[in-house]
Every structure is written in structure tokens, then in C-alpha cells.
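Q: Got a sequence here, can you model it:
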Amino acid sequence: MRVLKILLLSIAMIAAPPAVLAQPSLAEAKAQGLVGERPDGLTGVVVGNPSPAIRQLVEQVNEQRLAEYRRVAQETDAPLRAVQARAGRQIIQRLPRGQYFMDAAGRWRQR
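A: Down below sits the predicted model:
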């Protein structure tokens with residue numbers, strides 16, 4: 001029975017699209033130095049030529065964050081840019097050592 005479960009799992013993994021298998025989490029991508037935090041509260045690609053999975057991850061995270069920033073801006077009657085800037089400062093301040101953030105000049109720096 002155990003061999004059958006392993007075989008079925010192996011078949012499922014082979015049949016899964018590569019993007020599903022290769023899609024890292026945001027925490028993993030940041031820990032690997034592939035993705036960093038920007039001052040506008042969004043994420044960005046640190047490496048020059050990211051994989052499609054990393055590009056997709058950054059796009060998904062940024063879409064979710066922008067939706068939340070828009071909601072907060074509307075609820076607080078604050079400009080969207082101000083909400084993003086505040087979130088960016090808070091996120092960057094909380095970054096663990098070794099992770100990347102973009103400085104005001106647009107350069108990636110390691111915390």
C-alpha cells in the first residue's frame with residue numbers, strides 16, 4: 001500500500017506543470033536573495049534575469065499588496081503613495097539580516 005501511495009505521488013509530481021513545482025514562497029525567494037522589498041511597499045526582483053516562477057511570484061504579491069494599500073487608502077482617506085511609503089518603511093525595518101531592500105536611489109542593498 002505504501003509503495004502505491006509513493007508511486008501515485010510521483011506520477012502526480014511528474015504530471016504537474018513545472019511552474020507549480022518550482023513556485024517558491026515569498027519567504028524562500030527573499031531568503032535566497034532573489035526578491036527584495038522596495039520603498040513603495042512592493043517587492044522587486046533582485047537578480048537580473050529571474051525565472052518565470054519568480055516573476056510570477058513578484059507579480060502576485062504586488063497585486064495583493066496593492067489591493068490592500070488601495071483599501072487602506074480609501075478607508076483612511078490618505079493618498080495611495082503615502083500608504084505605500086509607510087508600508088514600505090515598516091516592511092524594510094522588519095527585514096531580517098541578509099535580505100535585500102531597495103534604497104532611495106534605486107539600488108539593492110543587503111540588510
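Q: any chance you could map the helices in this protein?
A: Assigned helices in the chain, in chain order: 2-15, 18-22, 26-31, 52-76, 80-93 (criterion: DSSP state H).
Q: so who does the residue positioned nearest the centre of the chain touch?
A: With distances taken as C-alpha atoms, centre = their mean, the residue of the chain nearest its centroid is Leu26 (4.1 Å). Counting by C-beta atoms under 8 Å, 6 or more residues apart in numbering, Leu26 touches 35, 43, 57, 61. C-beta here means a position set from N, CA and C on the backbone, and glycine is covered the same way.
Q: Could you rerun that using 10 Å?
A: 35, 43, 57-58, 60-61 (C-beta atoms under 10 Å, 6 or more residues apart in numbering).
Q: Same check on Arg70?
A: Residues counted as contacts of Arg70 (C-beta under 10 Å, 6+ apart) are 80, 83-84.
Q: What is the burial count for the nearest residue to Asp103 once chain neighbours are set aside?
A: Among residues not flanking Asp103 along the chain, Arg109 sits closest, at 5.2 Å (C-beta to C-beta, 6 or more residues apart in numbering). Arg109 has 11 neighbours, counted by other C-beta atoms under 10 Å.
Q: follow-up on the earlier one: just the buried ones out of the contacts of Arg70, please.
A: 83-84 (16 or more other C-beta atoms under 10 Å).
Q: Closest one of the contacts of Arg70 to Pro50?
A: Nearest to Pro50, judged by C-beta to C-beta, of the contacts of Arg70 is Gln84 at 22.1 Å.
Q: And the residue nearest to Gln110 when sequence neighbours are not counted, how close does it get to Gln32?
A: Distance criterion C-beta to C-beta, 6+ apart; nearest residue to Gln110, sequence neighbours excluded, is Tyr100 at 5.6 Å. Tyr100 is 10 Å from Gln32, where distance means C-beta to C-beta, to the nearest Å.
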